[in-house]
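S.K.: build me a model:
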Amino acid sequence: MSGADWIELGDIVGVHGVRGAVKIRSWTRPRENIFSYPIWRLVSESGEQTATLIKGQAQGRGLVAQLKDVNDRDQAAALRGAKIQIPKADLPPPAPGEYYWADLEGLQVQTVTGEDLGTVTGLMETGANDVLVVQGERERLIPFVPELYVKQVDMAAGRVIVDWDATF
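M.R.: Sure thing, here's the model as predicted:
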């Protein structure tokens, strides 16, 4: 599978206890949904490996996972910083009008008047609403508010049409 065939669901941020459990950060909503995918590809600077989830649970404000063949704190610590990915094909299809963030990255952003603002390079969660990070001649942060600012997402054409002043 190519890199485009995988989607990042979170990362390993630390260790938990002495029996090899890892602390994870999840991008899924709700955050525990990451445990719905039992086979992970862990990608780090040292390479990639497949990991099998034995169990996962919420632990305070974070998440803790036990992975097969990770049996002690040192093995768990070696995974710190690894990105957790799954095959994109394993995700359920989004409902009409909904998008996975990863599907929006790389789309061209144009104003309703046709002015090119750049490319979606990421999204941010602010609490009030999600925000498109658009990189063109400069970086712009555009609230992802359908109908108000985001007028159209055309996946087939590879673009997002926004009602946004290009001078902002």
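S.K.: any idea whether Thr28 is helix, strand or coil?
M.R.: coil (DSSP: H, G, I helix; E, B strand; the rest coil).
S.K.: swap in Glu32?
M.R.: Relying on three-state DSSP, one would call Glu32 helix.
S.K.: burial count for it?
M.R.: Applying other Cβ atoms under 10 Å, we find 13 residues neighbouring Glu32. Glycine gets a C-beta too; all of them are placed from N, C-alpha and C.
S.K.: over to the one 3 residues further on?
M.R.: By other Cβ under 10 Å, 17 other residues sit near Phe35.
S.K.: which residues touch the least confident helix or strand in the chain by mean pLDDT?
M.R.: Least confident helix or strand, the chain: helix 101-104 with a mean of 88, by mean pLDDT, DSSP states H and E. Under the criterion Cβ atoms under 8 Å, 6 or more residues apart in numbering, residues 7-8, 27, 88, 94, 120, 122-123, 130, 132, 153, 155, 160 lie in contact with helix 101-104.
S.K.: so how far is it from its chain's centroid?
M.R.: The chain centroid and the centroid of helix 101-104 are separated by 8 Å under Cα atoms, centre = their mean, to the nearest Å.
S.K.: for that helix, C-alpha coordinates in CSV please.
M.R.: C-alpha atoms of helix 101-104 as CSV (Å, rounded to 0.1, in the frame of the first residue of the first chain):
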residue,chain,number,x,y,z
TRP,A,101,-9.8,15.5,7.6
ALA,A,102,-7.2,13.5,5.6
ASP,A,103,-9.4,13.7,2.5
LEU,A,104,-9.4,17.5,2.7
